[in-house]
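A.B. asks: coords below, sequence missing:
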């Protein structure tokens, strides 16, 4: 095992993807780095509800094997992630940071969780939300408060505060979130990361515990705008299990990498 500079923990997904594809680092090494950081920093930050270290090790080994054998799936292959604990994950408890669901284990994955798994991501665990997403502090009465990694005396925002805290602390490269009245955008702002609330219908909410079905949006929290785009490309798409979704190609921002000439920006 090579000794990595801590800066690698805060690298962007697209930077890590290049290193993985060029075989400068392996998914196993990256997963081990994240797990060590979780062990070190999570006791203070309390971002995680459930840790899946054994699963992460297995998925990282499989990703490494696939990549070595030429089956590279794309920029999220081998990237360690976390899910907001509203996202159903088969065989892994989904609590909504609530005592009433503390032992609830779904028997299927949410659509987004399944898509990210198919893209080759490595799941480190489930992270805190404000209980049932109904708040902006991610202060769970049952699991305790999740803290802001830049200043543990203040909140990470909510309700996707666990994802914001984990990504900002270098404990994961992507955290999924959901936004009804600011629950992706607020923790992104509080933790200094990028949060993307997609257009309604862009990302399936199937298998995500709702706050308000007609207003919920599922989206990513990452460390760069390009990363948010890469993740949204994987997360989005029509889902027959969610009648609100639309059948459109992945949105992407990479098409604008050469400039914004001709792009219209609307101000409501």
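C.D. replies: Received the coordinates, thanks. Because the structure is a prediction, the values reported are computed rather than measured.
A.B. asks: ranges for the strands of this protein?
C.D. replies: Listed from the start of the chain, the chain has strands (DSSP state E) covering 48-51, 80-84, 122-127, 139-140, 144-145, 174-179, 194-195, 217-222.
A.B. asks: closest to residue 40 out of these?
C.D. replies: Residue 40 sits nearest to strand 48-51 of all the strands of the chain, at 12.6 Å, using Cβ to Cβ. All C-beta spots, glycine's among them, are computed from the backbone N, C-alpha and C.
A.B. asks: still on that earlier bit, out of the strands of the chain, which comes closest to residue 63?
C.D. replies: Distance to residue 63, taken as Cβ to Cβ, is lowest for strand 122-127 among those, at 6.5 Å.
A.B. asks: what pairs with the closest one, parallel or antiparallel?
C.D. replies: Using DSSP bridges, the strands paired with strand 122-127 are strand 48-51 (antiparallel), strand 80-84 (parallel).
A.B. asks: turn the strands of the chain into CSV, columns for distance to residue 21 and mean neighbour count.
C.D. replies: CSV is the format used below for these (distance: least, Cβ to Cβ, whole Å; neighbours: other Cβ atoms under 10 Å):
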stretch, distance to residue 21, mean neighbour count
strand 48-51, 28, 22
strand 80-84, 16, 31
strand 122-127, 15, 28
strand 139-140, 38, 22
strand 144-145, 39, 14
strand 174-179, 17, 28
strand 194-195, 22, 23
strand 217-222, 18, 28
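A.B. asks: residue 67: which of those is closest?
C.D. replies: Set against residue 67 and scored by Cβ to Cβ, these come closest in strand 122-127, at 12.2 Å.
A.B. asks: for that closest one, what is the distance to the chain centroid?
C.D. replies: Centroid separation for strand 122-127 versus its chain: 8 Å, with Cα atoms, centre = their mean, to the nearest Å.
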